[in-house]
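Student: Please work out how this folds:
(one chain, ligands or ions: 2)
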Amino acid sequence: MNGNPTPVMIDTDPGVDDFIAILMAIRSSELDLLGLTTVGGNTSLENATLNALRTVEIEGRPDIPVAIGAAAGRTRPFEYADHFHGETGLAMALPAPGIEPLEIPAVAWLAQTLAQHSNTITLLPVGPVTNIARLIEEHPEAANQIDRMIVMGGAVDCPGNATDYAEFNTWNDPEAAEIVFGAGINTTLIGLDVCNQVAFTREIISDGAGPGRLMMDAWFAEHPDSEEFHLCDPLAVAVAIDPTLVRTESISVAVDTSGGPERGNTMRGGDGPPIDVALEVDVERAVRLISGLAL
Ligand code: RIB
Ligand code: CA
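Tutor: Numbering: from 1, shown residues only. Ligands and ions are numbered 1, 2, ... in the order given. Predicted coordinates:
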């Protein structure tokens, strides 16, 4: 760190773990959250946008802009995860937001903001990367001004969570993931290979007191048989704060876009440029960082 906070933008489908990730980004003195762009995935785009607005508002940061993105993937509707995140996208209902999203659509706002902060922004896509693929296609000059992209998605050397083959975000828009992974942007991939190891338990959250603790209490109450809540999106933010939390390998990642049963599978290989795939994580330090900011 050079002492100045890193400007970040989060593309998000809140989503309980997205909620925790956004809390971290707002609260960390290492990051300057320039704004959120929303995408469907965990829940509908409407719910995701309301939840993003609610999150910045309950954190006392109604100044953080929220821009609305894609309601569906490039070639198919999103398949939501109500069973995991809840019908509204969050385990704990938050008060109706008193603020509105930007008029400007997500992709145009991303392009505009990247042009204003050339080569300094870390972009954190933590949902289906539909908006990011459109940014690359429609505003290549802006995409080239991304300093670093930390993508939560994929499962390279491990099974998926949406299917045996695919992680939820790449499963929900494999075609977008193929474009994003192949764009040649300085990319770190935070997939299930590492985030399966980083989780909250009922014991870990017991020390918390704020909205993050309340949200996790609500999630565990809705999932009495679950012992762990995996911190996928929060780990992506944690790596933006401290890149030493993970060990990465430079790998070209291929995405199954066949539309068949292995759709969204992410594999070593393909002819795209290599990206930095996180394969190991310092679990204790990661959980400590996430807990310290979000609970
Ligand atoms: O597979 C985990 C990812 O899918 C996380 O981003 C979670 O929020 C869901 O979107
Ligand atoms: Ca997410």
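Student: make it CA atoms for all contacts and neighbour counts henceforth
Tutor: Noted.
Student: Please enumerate the strands of the stretch 151-295 of the chain.
Tutor: 187-190, 199-200, 229-230, 246-251, 253-255, 266-268, 275-281 (DSSP state E, counting those that start in this stretch).
Student: Ligand 1 is nearest to which of those?
Tutor: Across the strands of the stretch 151-295 of the chain, ligand 1 has its closest neighbour in strand 229-230 (8.2 Å, C-alpha to the nearest ligand atom).
Student: which parts of the stretch 1-150 of the chain sit against ligand 2?
Tutor: 18, 126, 127 (C-alpha under 5 Å from the ion).
Student: can you tell me which residues contact the first one?
Tutor: When contacts are counted by C-alpha atoms under 8 Å, 6 or more residues apart in numbering, residue 18 touches 12, 126, 233, 234.
Student: do you know how far the first one is from ligand 1?
Tutor: Residue 12 sits 8 Å away from ligand 1, taking C-alpha to the nearest ligand atom, to the nearest Å as the criterion.
Student: who's that residue bridged to?
Tutor: Residues in a beta bridge with residue 12, per DSSP bridges, are residue 38.
Student: Residue 36 is in contact with that one, correct?
Tutor: Yes. Using C-alpha atoms under 8 Å, residue 12 makes contact with residue 36 at a distance of 7.0 Å.
Student: list the contacts for residue 209?
Tutor: residue 295.
Student: Next, give phi and psi for the residue nearest in space to the middle of the chain.
Tutor: For the chain, the residue sitting closest to the mean C-alpha position, by C-alpha atoms, centre = their mean, is residue 126 at 1.4 Å. Taking degrees, to the nearest 10, you get phi -130, psi 20 for the backbone angles of residue 126.
Student: ok, so what distance separates it from residue 195?
Tutor: Look at residue 126 and residue 195: by C-alpha to C-alpha, to the nearest Å, they are 12 Å apart.
Student: what's the answer for residue 55, then?
Tutor: Remark: distance between residue 55 and residue 195 (C-alpha to C-alpha) = 23 Å.
Student: One more: residue 77?
Tutor: Distance from residue 77 to residue 195, by C-alpha to C-alpha: 26 Å.
Student: For the two, indicate the residue with more neighbours.
Tutor: Neighbours were counted for residue 77 and for residue 195 using other C-alpha atoms under 10 Å; residue 195 has more, 25 against 13.
Student: What ranges does the chain have for its helices?
Tutor: Applying DSSP state H to the chain gives helices spanning 16-27, 45-58, 82-85, 106-116, 130-138, 140-143, 168-172, 174-181, 192-195, 202-205, 211-222, 232-241, 283-294.
Student: Apart from its neighbours in sequence, what residue is nearest residue 286?
Tutor: Using C-alpha to C-alpha, 6 or more residues apart in numbering and skipping residues adjacent in sequence, the residue nearest residue 286 is residue 245, 6.4 Å away.
Student: how about the one you found, what does it touch?
Tutor: When contacts are counted by C-alpha under 8 Å, 6+ apart, residue 245 touches 238, 239, 281, 282, 283, 285, 286.
Student: try residue 244
Tutor: Going by C-alpha under 8 Å, 6+ apart, residue 244 touches no other residue.
Student: Tell me how far it lies from ligand 2.
Tutor: Going from residue 244 to ligand 2 by C-alpha to the ion, to the nearest Å gives 22 Å.
Student: cool, and residue 135?
Tutor: Plainly put, residue 135 is 19 Å away from ligand 2 if you go by C-alpha to the ion.
Student: hang on, isn't that residue packed against residue 111?
Tutor: Yes. The criterion here is C-alpha under 8 Å, and residue 135 meets it with residue 111 at 6.9 Å.
Student: where do the contact lists of these two overlap?
Tutor: Taking C-alpha under 8 Å, 6+ apart as the contact definition, residue 135 and residue 111 share the neighbouring residues 142, 143.
Student: where in the stretch 51-200 of the chain is pLDDT low?
Tutor: For the stretch 51-200 of the chain, no stretch is flagged by pLDDT under 70.
Student: measure the residue in the stretch 151-295 of the chain positioned nearest to ligand 2 to ligand 1 for me?
Tutor: Proximity of the stretch 151-295 of the chain to ligand 2 (C-alpha to the ion) peaks at residue 233, 5.9 Å away. Separation of residue 233 from ligand 1 (C-alpha to the nearest ligand atom): 5 Å.
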